[in-house]
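Trainee: everything below, folded, please.
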Amino acid sequence: PGERKDLIAQVNELQRHRIETVGGISTEDGPRLGLSYSHLNLFGTASTLTSSAKLNRQLPALFRFLYGSQGNSLQQRYDDYTSTTDQLTKALERELRLGVRSPQFVGLPLTPLLRLDVTDLRDNKTSYSLDATAATFGVEFFFGRHLKIDMGPQISLTRVECTSPLANCGEQVQQDTQSTRKVNQGSRVGLNLGSTLTYDLRNSPFNPTKGFILSLSGQYALGAFTADPTQVKVLNQFEEPSYVFTKVESRMTAYLPLGKSVLALALWGGTISMMKGELDDTPLDERFFLGGRSDLRGFQEESLIPEDACYQRGATNPDCKLKLPAVEQNKDGDPALSAFPSLGGNFYALAKAELRLPITQLLSLDLFVDAGNLWMYRPEQEYLKLRFGTGLGISLATPVGPLSFSVGFNPQWRASNLESPVEYYFSIGQF
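Mentor: The predicted structure follows:
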């Protein structure tokens, strides 16, 4: 045998405390700023404590460019935020997060880890504004390097503000059954039992050139609306919930190398099934929205009207299941041409293809075509149609993902839905 020698190794612990700041600006979010603090070895247990604050302020001057006529309600909301308090608590969007994450328990099967997250956020969309506070307890299981299952309950308190200040907060949405339902708003307490399976074989999470990623998520949700959010009795709220639904979504994206080029393909879909209540009782912020830079290009952000919905104009009676008002009254009582924002849908399907052709080591030309649609109710044969978007863009590779500018074309744009034939996008990251 060879000569035996003693080996002495000295191990130094990484810095336990970490502070990071980030900043930037985008067309959709406006200027943004983030600050985070991490403790990498909490109480010597190898657990990680993370707290973060992200703030951004949308730019009303861009609402018409981003959302077209559907941005009128969002513009009106920002115009109404005149006080300092409203500017800080409503116009300024936020995401505050405090979380604790355990190390993986390598002595147990599937090496699980535990996490606890508390979040508070403010979000302004064309269809709604909301404040939400949530607590999530999760367990993650690992099947080797590539397969992970995340599951756990979440309890939340959410307040959804008026969908459109130009209309009544109890805006009635007419259905072909001659019955009416109000857009759900106000405060609600909710319980969500969710699980997500992720199988990731990409060669890079930021700029993949081969492999694929599959994500399957499902949740069981119930909740109740409450008149006084300051006196919520959680258990009592769930004895007689206002709604109960299940939500399932799948996303598969593959990256195929073609010489120096890459062909990215994606197939996504989702469905919501009500177990108590009607499909149009689904909370607005739980529905699916399509349109924009991250999904169906050629359309404005989250603007796609469900295929089985349409705008109601004057005395005309369009043939669809859900009718949305197209003309609203402004505060002076005069008619103002404005689109009621998309209310989202309970079913969607989307297919995407993008060919990325390298120009230089950092620049690439992207050619894409997207096809998909959105439905409020379970799709029937007469509404089984796809909407298409196509276009091209330029991407610049960066350490945090590609910086992209693209132009999307809507070859079958519908003037009746206030769509445009051409849309422009600026984003960080690709699908």
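Trainee: what's next to stretch 401-420, contact-wise?
Mentor: Outside of stretch 401-420, the residues within contact range by CB atoms under 8 Å, 6 or more residues apart in numbering are 68-70, 206-207, 293, 297-300, 303, 305, 310-311, 339, 364, 366, 368, 387-397, 421-430. Bear in mind the C-beta positions are built from the backbone N, C-alpha and C, glycine included.
Trainee: now stretch 34-48
Mentor: Counting by CB under 8 Å, 6+ apart, 13-23, 49-55, 100-103 sit against stretch 34-48.
Trainee: check stretch 351-368 too.
Mentor: Residues outside stretch 351-368 that contact it (CB under 8 Å, 6+ apart) are 258, 260-268, 295, 297, 369-372, 390-397, 402, 404, 406, 430-431.
Trainee: would you show me how to pick out the buried ones of the residues you listed in ChimeraX?
Mentor: Selecting the buried subset of these in ChimeraX, with 16 or more other CB atoms under 10 Å as the burial test, is done by:
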select :262,264,266,267,268,295,297,369,370,372,390,391,393,395,402,404,406,430,431
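Trainee: which regions of the stretch 251-400 of the chain lie under the pLDDT threshold?
Mentor: Across the stretch 251-400 of the chain, the ranges flagged by pLDDT under 70 are 313-318, 325-340.
Trainee: ok so, going back, can you flag the buried ones in the contacts of stretch 34-48?
Mentor: Among the contacts of stretch 34-48, the ones that count as buried by 16+ other CB under 10 Å are 49-50, 52, 54-55, 100-102.
Trainee: biggest separation within those, which pair?
Mentor: 55 and 102 (28.8 Å; CB to CB).
Trainee: could I get the average pLDDT for stretch 42-51?
Mentor: For stretch 42-51, the per-residue pLDDT values average out at 92.
Trainee: pull the distance from that stretch to the chain's centre.
Mentor: Here the centre of stretch 42-51 is set off from its chain's centre by 29 Å, with CA atoms, centre = their mean, to the nearest Å.
Trainee: how about the strands in the stretch 301-431 of the chain?
Mentor: 309-312, 322-325, 327-329, 335-337, 347-358, 363-375, 387-396, 403-409, 422-428 (DSSP state E, counting those that start in this stretch).
Trainee: would JSON lines of the ones you listed with distance to residue 142 be doable?
Mentor: JSON lines is the format used below for the strands of the stretch 301-431 of the chain (distance: least, CB to CB, whole Å):
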{"stretch": "strand 309-312", "distance to residue 142": "42"}
{"stretch": "strand 322-325", "distance to residue 142": "43"}
{"stretch": "strand 327-329", "distance to residue 142": "51"}
{"stretch": "strand 335-337", "distance to residue 142": "55"}
{"stretch": "strand 347-358", "distance to residue 142": "29"}
{"stretch": "strand 363-375", "distance to residue 142": "32"}
{"stretch": "strand 387-396", "distance to residue 142": "32"}
{"stretch": "strand 403-409", "distance to residue 142": "32"}
{"stretch": "strand 422-428", "distance to residue 142": "29"}
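Trainee: list the contacts for residue 269?
Mentor: Counting by CB under 8 Å, 6+ apart, residue 269 touches 249-250, 348-350.
Trainee: the same query, at a cut-off of 6 Å, please.
Mentor: Contacts for residue 269 (CB atoms under 6 Å, 6 or more residues apart in numbering) come out as 250, 349.
Trainee: export the helix or strand where it lies as CSV, just CAs?
Mentor: Secondary structure from DSSP states H and E places residue 269 in strand 261-276. This file holds the C-alpha atoms of strand 261-276, laid out as CSV (Å, rounded to 0.1, in the frame of the first residue of the first chain):
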residue,chain,number,x,y,z
SER,A,261,-30.0,28.7,-33.0
VAL,A,262,-32.6,27.6,-30.5
LEU,A,263,-36.3,26.7,-31.0
ALA,A,264,-38.4,27.3,-27.9
LEU,A,265,-41.8,25.6,-27.7
ALA,A,266,-44.4,26.0,-25.0
LEU,A,267,-47.8,24.4,-24.3
TRP,A,268,-49.8,25.9,-21.4
GLY,A,269,-53.3,25.4,-20.1
GLY,A,270,-55.5,25.9,-17.1
THR,A,271,-59.0,25.3,-15.7
ILE,A,272,-61.1,26.4,-12.8
SER,A,273,-64.1,24.3,-11.6
MET,A,274,-66.5,25.7,-9.1
MET,A,275,-67.7,23.3,-6.4
LYS,A,276,-69.9,26.0,-4.7
